[in-house]
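J.: Sharing a model that was predicted from the sequence below.
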Amino acid sequence: MEILKLIDVNKFYGSTHALKDINFSVKKGEVVVILGPSGCGKSTTLRCINGLEEIQSGTMEILGEKIDKNFQNWRKIRQKVGMVFQSYELFDHLNVMQNITLGPIKVQKIGKEEAIKTAKFWLKKVGLGDKEKAYPKELSGGQKQRIAIVRSLCMNPDIMLFDEVTAALDPEIVREVLDVMLNLAKEGRTMLIVTHEMAFARAVADRVIFMDKGEIVELNDPENFFTNPKTDRAKKFLNMFEFKK
């Protein structure tokens, strides 16, 4: 079952053609990783899927809902599509439990007791069961990012989008966030991930999309992409990184 499908999607910023005829799909339980140099359109793709950016042409299908440039009901879509940003987006004046349960209670109208129970479950699962009363200023970057992931999970999305979630973290705490994402993949979560962590991408991906200058240059399985990429552009990109092949 295809949860997400992009068909000839184009995005412009003024005269800049940011996304050029983007076509790909994500099946239920699949992990797809988008790689590419900075400015190639990776994050823009995620932002279009979540309605944070408008597309100028083409269509997207999310759980059977057809979306074009005139689509308006993004509130409904965002309950199915969770997104985790590199900047956490936590409310500083709310503690961890309040940050996590705000969406389920206010948007999905879930009872407070049920929302708290679900939040406690996920907090424990990501190793932060003792932080429910802490405020964002009391947490490390890695802890904040894990809280942001839990907040998205508590909305019970059908697909999760991760936009460079480790980019703002110190190298020594990147692992704790990546481990959470690896565990989600093992549990069969449907995920679309933008990352520069090459070893992680190879370990977690079912398929790899490589983008450059707003276009999909290569779509491959991770083993072949990292050991024998089909395009010279992908080879050049991979040569910039040091990782065990």
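T.: Looks like it arrived, so ask away.
J.: Might you report the residue contacts of residue 20?
T.: 10, 213-215 (Cβ atoms under 8 Å, 6 or more residues apart in numbering). Quick note: C-beta positions are derived from backbone N, CA and C, even for glycine.
J.: Which of those fall in helices?
T.: Using DSSP state H, no member of those sits in helices.
J.: Out of these, which two sit at the greatest distance?
T.: Greatest spacing in the contacts of residue 20, by Cβ to Cβ: 10 and 213 (13.5 Å).
J.: ok, these two, which is more surrounded?
T.: residue 10 (17 against 14; other Cβ atoms under 10 Å).
J.: Can you check the pLDDT for the more buried one?
T.: For residue 10, the pLDDT comes out at 98.
J.: The one 5 residues further on too?
T.: With respect to pLDDT, residue 15 scores 95.
J.: before we move on, what about the one 5 residues further on?
T.: Here, the pLDDT recorded for residue 20 equals 98.
J.: now residue 245
T.: So, for residue 245, pLDDT stands at 47.
J.: and if you look at residue 241?
T.: 80.
J.: What is the least confident helix or strand in the protein?
T.: With mean pLDDT, DSSP states H and E as the measure, the helix or strand of the chain carrying the lowest mean pLDDT is helix 74-78 (a mean of 90).
J.: so how far is the helix or strand following it off the chain centroid?
T.: Per DSSP states H and E, the first helix or strand lying C-terminal to helix 74-78 is strand 81-84. Relative to its parent chain, strand 81-84 has a centroid offset of 6 Å by Cα atoms, centre = their mean, to the nearest Å.
J.: And for stretch 132-151?
T.: Worked out by Cα atoms, centre = their mean, stretch 132-151 lies 17 Å from the chain centre.
J.: and what of stretch 27-47?
T.: Relative to its chain's centre, stretch 27-47 lies at 8 Å (Cα atoms, centre = their mean).
J.: Helices of the protein, residue ranges please.
T.: 42-49, 74-78, 96-106, 112-125, 141-153, 171-186, 198-204, 222-227, 232-238.
J.: possible to save these as TSV with mean neighbour count?
T.: Below are those laid out as TSV (neighbours: other Cβ atoms under 10 Å):
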stretch	mean neighbour count
helix 42-49	22
helix 74-78	14
helix 96-106	20
helix 112-125	16
helix 141-153	23
helix 171-186	17
helix 198-204	18
helix 222-227	16
helix 232-238	16
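J.: Residue 4: which of the ones you listed is closest?
T.: helix 42-49 (6.8 Å).
J.: What is the closest one packed up against?
T.: strand 2-13, strand 16-27, strand 31-35, strand 57-62, strand 159-163, strand 191-194 (3 or more Cβ pairs under 8 Å, 6 or more residues apart in numbering; DSSP states H and E).
J.: Residues touching stretch 114-125, excluding its own?
T.: Outside stretch 114-125, the residues touching it (Cβ under 8 Å, 6+ apart) are 96-97, 100-101, 104-105, 110, 129, 131-132, 150, 153-154, 183.
J.: tell me which of those residues is nearest to residue 90?
T.: Of the contacts of stretch 114-125, the one sitting nearest to residue 90 (Cβ to Cβ) turns out to be residue 96, at 8.3 Å.
J.: Can you check the pLDDT for the residue located most distally from the centre of the chain?
T.: Within the chain, the residue lying farthest from the chain centre (Cα atoms, centre = their mean) is residue 113, at 27.9 Å. Here, the pLDDT recorded for residue 113 equals 96.
J.: Could you do residue 156 as well?
T.: 92.
J.: gap between it and residue 20?
T.: Noted for residue 156: a distance of 34 Å to residue 20, by Cβ to Cβ, to the nearest Å.
J.: for residue 209, same thing?
T.: Residue 209 is 14 Å from residue 20, by Cβ to Cβ.
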